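> Sequence and predicted structure are below.
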There are 2 protein chains.
Amino acid sequence: MDIGARLKMVREAQGISQRELAKRAGVTNASISLIEQNRVSPSVSSLKKVLDGLPMSMADFFTFELEQQPPRQVFAAAEQPDLGGNGVAMWLVGAGVENRQIGLLREVYAPGADTGTEMLKHEGQECGVVTQGCIELTIDTQVHILHPGDGYYFSSNQPHRFRNIGETEAILISANNPPTL
Amino acid sequence: MDIGARLKMVREAQGISQRELAKRAGVTNASISLIEQNRVSPSVSSLKKVLDGLPMSMADFFTFELEQQPPRQVFAAAEQPDLGGNGVAMWLVGAGVENRQIGLLREVYAPGADTGTEMLKHEGQECGVVTQGCIELTIDTQVHILHPGDGYYFSSNQPHRFRNIGETEAILISANNPPTL
DNA sequence: GTCAAACGTTTATTATATTGAACAAATTGA
DNA sequence: TCAATTTGTTCAATATAATAAACGTTTGAC
């Protein structure tokens, strides 16, 4: 969606006029008009002033989407594709959902299964809960042992590794944002 | 953080020069230099061109934060605060983590527990997996029955309701973004 | 009806961003 | 060591955005 339409939508959602917004933002009403018509591409600084008048952050402004109904909403265990390997079976909840903001995975670790000595490292944040069995989680140089109900939350750019150190299957529900799968 | 620093950080993270980025983006290296020094406030259109060269979306650009080490990274089941009520016990994974992008909850429903006939409705997206017991999930007018391993994903602005319709405790791991708790 | 106020739009002027070319400093290879 | 690149920066010229003021239309009051 273009900037003009976005701005117009937000402004009208608040029920204020171009002039009123212009006054709050400290710009002229003409600017608002031209921006909403996409006749100009505002500078970041002036767009920021305008958004301050709403008020709304840049991040929110560029992030928000017209909420559309996802076609599918529930996903049976059986029908979800297995994305794993190396003794780790992984199911992505809501695979194929449009504009997905969350990557939620159900991961089943066979006894001894391991994400590998080559530590994982990527952008974003991730968190999870162990629901069954026993998982060893290494974050950077720190080693943690997680039992059912125990959780974690860390920045994914820290080297990390998961390993089932129990003698039974371990299940981990993990979430990441932005979604990596 | 200012635009210049953000851009510089992203560019350097990719290990490319101002000129290289300029070439990819279809702008001059002078522009990149001036932007990174905050000597100019780029127009949205030119910033977009620059980000296309990285590539990175506006939303990501304004959303990302200097990743800082969260002080805590693992959270034992026992020590997490219970945020629930009405027969539903809820633990937030990573409560207190700064700049948290994901709300991950471990929810335990007593037999018959119910989020209520007054349907829930809020912004964002949510998804989850049932790990134990049997949960009835109503989304708008649709009623679904979820067993262990079954998941869901929907837009939280749709009216919804969770209910344990089994005779045993049910456990649900849910994630939402942006975090509501 | 008529006036006054508020609305979004348009225009000429001013302020600012972007370009193209040149600069000095740092790095690379012979 | 020296020349050739490559780096980020700067400057005058140009293109574009922002302003201030005016325009025509719509709305509500009297």
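Thanks, I have it. Numbering: from 1, shown residues only, chains lettered A, B, ... in the order given.
> helices or strands next to the top helix by length along chain A in the packing?
Longest helix in chain A by number of residues (criterion: DSSP state H): helix A:3-13. Judged by 3 or more Cβ pairs under 8 Å, 6 or more residues apart in numbering or on different chains; DSSP states H and E, helix A:3-13 is in contact with helix A:29-36, helix A:58-63. Bear in mind the C-beta positions are built from the backbone N, C-alpha and C, glycine included.
> what does the longest one rub up against?
Counting by Cβ atoms under 8 Å, 6 or more residues apart in numbering or on different chains, the neighbours of helix A:29-36 from elsewhere in the structure are A:3-5, A:7-8, A:11, A:18-19, A:21-22, A:25, A:40, A:42, A:46-47, A:50.
> domain parsing for chain A?
Split into domains by automatic domain parsing, chain A comes to A:3-63, A:77-177.
> Do a quick rundown of the strands in chain A.
For chain A, strands defined by DSSP state E occupy the ranges A:74-75, A:88-93, A:103-109, A:125-132, A:135-139, A:142-146, A:151-155, A:160-164, A:170-177.
> Save those strands as a markdown table, and put in distance to DNA strand D too.
Putting the strands of chain A into a markdown table (distance: least, Cβ to the nearest atom of the strand, whole Å) gives the following:
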| stretch | distance to DNA strand D |
| --- | --- |
| strand A:74-75 | 45 |
| strand A:88-93 | 38 |
| strand A:103-109 | 33 |
| strand A:125-132 | 29 |
| strand A:135-139 | 32 |
| strand A:142-146 | 35 |
| strand A:151-155 | 26 |
| strand A:160-164 | 31 |
| strand A:170-177 | 31 |
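> Let me have those strands in JSON lines, adding distance to residue B:57 and mean pLDDT as columns.
JSON lines is the format used below for these (distance: least, Cβ to Cβ, whole Å; pLDDT from 0 to 100):
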{"stretch": "strand A:74-75", "distance to residue B:57": "27", "mean pLDDT": "58"}
{"stretch": "strand A:88-93", "distance to residue B:57": "21", "mean pLDDT": "76"}
{"stretch": "strand A:103-109", "distance to residue B:57": "17", "mean pLDDT": "84"}
{"stretch": "strand A:125-132", "distance to residue B:57": "17", "mean pLDDT": "82"}
{"stretch": "strand A:135-139", "distance to residue B:57": "28", "mean pLDDT": "84"}
{"stretch": "strand A:142-146", "distance to residue B:57": "33", "mean pLDDT": "77"}
{"stretch": "strand A:151-155", "distance to residue B:57": "20", "mean pLDDT": "76"}
{"stretch": "strand A:160-164", "distance to residue B:57": "25", "mean pLDDT": "86"}
{"stretch": "strand A:170-177", "distance to residue B:57": "14", "mean pLDDT": "85"}
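> Now render those strands as a markdown table, adding mean neighbour count.
A markdown table is the format used below for these (neighbours: other Cβ atoms under 10 Å in any protein chain shown):
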| stretch | mean neighbour count |
| --- | --- |
| strand A:74-75 | 20 |
| strand A:88-93 | 21 |
| strand A:103-109 | 25 |
| strand A:125-132 | 24 |
| strand A:135-139 | 20 |
| strand A:142-146 | 15 |
| strand A:151-155 | 24 |
| strand A:160-164 | 21 |
| strand A:170-177 | 25 |
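> Switch these over to JSON lines, and while doing so, append distance to residue B:131 to every line.
As requested, the strands of chain A are exported to JSON lines (distance: least, Cβ to Cβ, whole Å):
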{"stretch": "strand A:74-75", "distance to residue B:131": "14"}
{"stretch": "strand A:88-93", "distance to residue B:131": "12"}
{"stretch": "strand A:103-109", "distance to residue B:131": "8"}
{"stretch": "strand A:125-132", "distance to residue B:131": "4"}
{"stretch": "strand A:135-139", "distance to residue B:131": "14"}
{"stretch": "strand A:142-146", "distance to residue B:131": "14"}
{"stretch": "strand A:151-155", "distance to residue B:131": "13"}
{"stretch": "strand A:160-164", "distance to residue B:131": "16"}
{"stretch": "strand A:170-177", "distance to residue B:131": "7"}
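> looking at these, which is closest to residue B:93?
Nearest to residue B:93 among the strands of chain A is strand A:151-155; the distance by Cβ to Cβ comes to 3.6 Å.
> what's the closest one packed up against?
Judged by 3+ Cβ pairs under 8 Å, 6+ apart, strand A:151-155 is in contact with strand A:125-132, strand A:135-139, strand B:74-75, strand B:88-93, strand B:103-109.
> swap the cut-off to 10 Å and go again
strand A:125-132, strand A:135-139, strand A:142-146, strand A:160-164, strand A:170-177, strand B:74-75, strand B:88-93, strand B:103-109 (3 or more Cβ pairs under 10 Å, 6 or more residues apart in numbering or on different chains; DSSP states H and E).
> DNA strand D contacts on chain A?
With Cβ under 7 Å from any atom of the strand as the criterion, chain A meets DNA strand D at residues A:26-31, A:34-35, A:40-43, A:45-47.
> start to end distance for stretch A:42-56?
16 Å (Cα to Cα, to the nearest Å).
> quick one: buried residues of that stretch?
A:42, A:43, A:44, A:46, A:47, A:48, A:49, A:50, A:51, A:53, A:54, A:56 (16 or more other Cβ atoms under 10 Å in any protein chain shown).
> Many thanks, we can stop here.
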